[in-house]
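S.K.: Test case, fold it:
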Amino acid sequence: MYALRLLRTCNRFRTIASISIYTGKSALKRAAKPVRNDCSQLYEKLPLQVREMSSYSRNPRTAYPQYHVFGERSMLCIKIILPKFRTVRGDALVTDKSGKGRMLLEFTPSSAERNYQWNDQVRFALSPEEVGLFCNQLPHHEIELSRRATSFYPGEEDENNNLGAITNNDPVKILKVSPRDGASVAFTIDFVKNGIGGQSEIGPLEVVAQAGEFEIIAAIMRSSLPVLVGWSPLVDIALQYSINETMHSGYEDASGQQPWTGDKSGDD
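M.R.: Model prediction:
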């Protein structure tokens with residue numbers, strides 16, 4: 001705790017020093033210089049973990065992209081589950097066969113006052129192929145996808161799912177996405193058994209995305225397709241490797257001249 005308080009104090013002094021330099025007040029400038037130097041020395045004496053915490057606040061290590069659509073009695077959150085990779089031959093990276101990414105649709109019910117019931121969330125994870133189907137069919141055609149309670153997708157069901165014990169008589173989770181008036185699109189999730197919906201204490205849940213909101217969703221899904229199958233990150237790595245190999249090998253073109261040096265023979 002002492003180290004954290006000291007770090008915050010140093011940050012405040014650094015701010016004062018920056019303001020004084022900007023305002024051009026020589027008195028403040030003279031007063032700020034030794035404080036800034038002292039803080040730099042104190043900062044170097046802080047434990048390594050505290051200094052790392054300070055750097056993390058400026059340079060985040062990861063991010064959690066998500067997009068929300070708010071309905072009357074529920075909220076839809078769209079998240080991405082990134083693909084998994086593995087190494088081959090020691091230093092090459094490939095997509096794991098069972099590690100394709102997924103697009104996660106997360107439905108959260110709420111009361112009339114938008115008091116969200118986070119423990120009652122219902123999730124439906126889309127495979128890359130199903131995301132491609134969304135992009136191809138919507139917003140002109142209805143789509144319906146189903147999941148049995150025994151199925152498992154990363155980030156979707158687990159042993160604490162809302163249906164309780166898994167049996168052969170469990171209802172099926174149904175996701176329906178259908179066009180509505182004014183270019184809006186309705187996302188509905190329900191539990192169906194023997195053709196009858198409402199087979200869970202939660203649901204059916206529905207969120208209507210207006211035209212502008214659905215345009216954002218469609219753009220997110222379309223741009224995420226190469227990422228979900230691992231294509232974009234692996235192509236970037238392969239391209240950079242090819243460039244590095246070319247530069248390090250001193251590649252020459254057919255005329256025997258290095259392409260990046262240019263041909264000076266025609267210059268006057």
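
S.K.: same for the helix or strand containing residue 235, what does it pack against?
M.R.: Assigned by DSSP states H and E, residue 235 falls within helix 231-249. For helix 231-249, the packing partners by 3 or more CB pairs under 8 Å, 6 or more residues apart in numbering; DSSP states H and E come out as strand 92-95. (C-beta placed from N, C-alpha, C; glycine too.)

S.K.: what does stretch 132-148 rub up against?
M.R.: Here stretch 132-148 makes contact (CB atoms under 8 Å, 6 or more residues apart in numbering) with 124, 126, 130, 153, 156-157, 170, 172-179, 183, 185, 214, 218, 221-222, 225.

S.K.: Keep only those of these that are in helices.
M.R.: Among the contacts of stretch 132-148, DSSP state H puts 130, 214, 218, 221-222, 225 in helices.

S.K.: Can you flag the buried ones in the contacts of stretch 132-148?
M.R.: Among these, those buried by neighbour count (16 or more other CB atoms under 10 Å) are 124, 126, 130, 153, 156-157, 170, 173-179, 185, 214, 218, 221, 225.

S.K.: Identify the bridge partners of residue 87.
M.R.: Applying DSSP bridges to residue 87 gives these bridge partners: residue 93.

S.K.: partner residues bridging residue 102?
M.R.: residue 81.

S.K.: Hmm, I typed the wrong one, I wanted residue 209.
M.R.: Beta-bridge partners, per DSSP bridges, of residue 209: residue 185.

S.K.: Which residues are in contact with it?
M.R.: Here residue 209 is in contact with 69, 76, 184-187, 217 (CB under 8 Å, 6+ apart).
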